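Asker: Can you look at this prediction? I've put the sequence above it.
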Amino acid sequence: LEWTLTCHVCLSHSKSLSAEENLKLFGKCNNPNGHGHNYKVTVTVRGEIDPVSGMVMNLTDLKEYMQEAIMEPLDHKNLDKDVPYFAEVVSTTENVAVFIWENLQRLLPPGILYKVKVHETDQNVVVYKGEE
């Protein structure tokens, strides 16, 4: 079962790097004042199909969990300034995927979360399946 949503966030650069190092590492995405992204996030859950409901998980419940774990903390926020997690963690797409995974893990039934896919652009996609 997969569900996709779009989340708009603003990013900055790494505080632990110089301006030159940030430019070299992040290229056009580097901006000390932040820049926006419309991330597309796909969450995949897996498990046994319930014989009564015919579902692995109720899609309405998954939408609610994604709203709480993704949209509420991230949508239309400056990650580096508005989200405490990113005060010390560089707000790369990889770390956004980890943040989403960790938030969903706290809400979903144990063992049901399979992967989190974050599309920064059509070409830049991160897939995170937790610590294996």
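Answerer: Yep, it's here.
Asker: Quick one: the strands in this protein, in order.
Answerer: Remark: strands assigned in the chain by DSSP state E are 2-11, 35-45, 77-78, 113-119, 125-128.
Asker: just the helices in the protein please.
Answerer: 19-26, 59-66, 72-74, 79-82, 93-107 (DSSP state H).
Asker: Please identify which of these is closest to residue 127.
Answerer: helix 93-107 (7.5 Å; C-beta to C-beta). In short, each C-beta sits where N, CA and C put it, glycine included.
Asker: Show the average pLDDT along the closest one.
Answerer: Mean pLDDT, computed over helix 93-107, is 96.
Asker: by how many degrees do that helix and strand 35-45 diverge?
Answerer: Interaxial angle of helix 93-107 relative to strand 35-45 (axes from the mean of the first three to the mean of the last three C-alpha atoms, to 10 degrees): 40 degrees.
Asker: Name the residues of stretch 54-72 that come out as buried.
Answerer: Neighbour counts using 16 or more other C-beta atoms under 10 Å place 56-57, 62, 65-66, 69-71 of stretch 54-72 among the buried residues.
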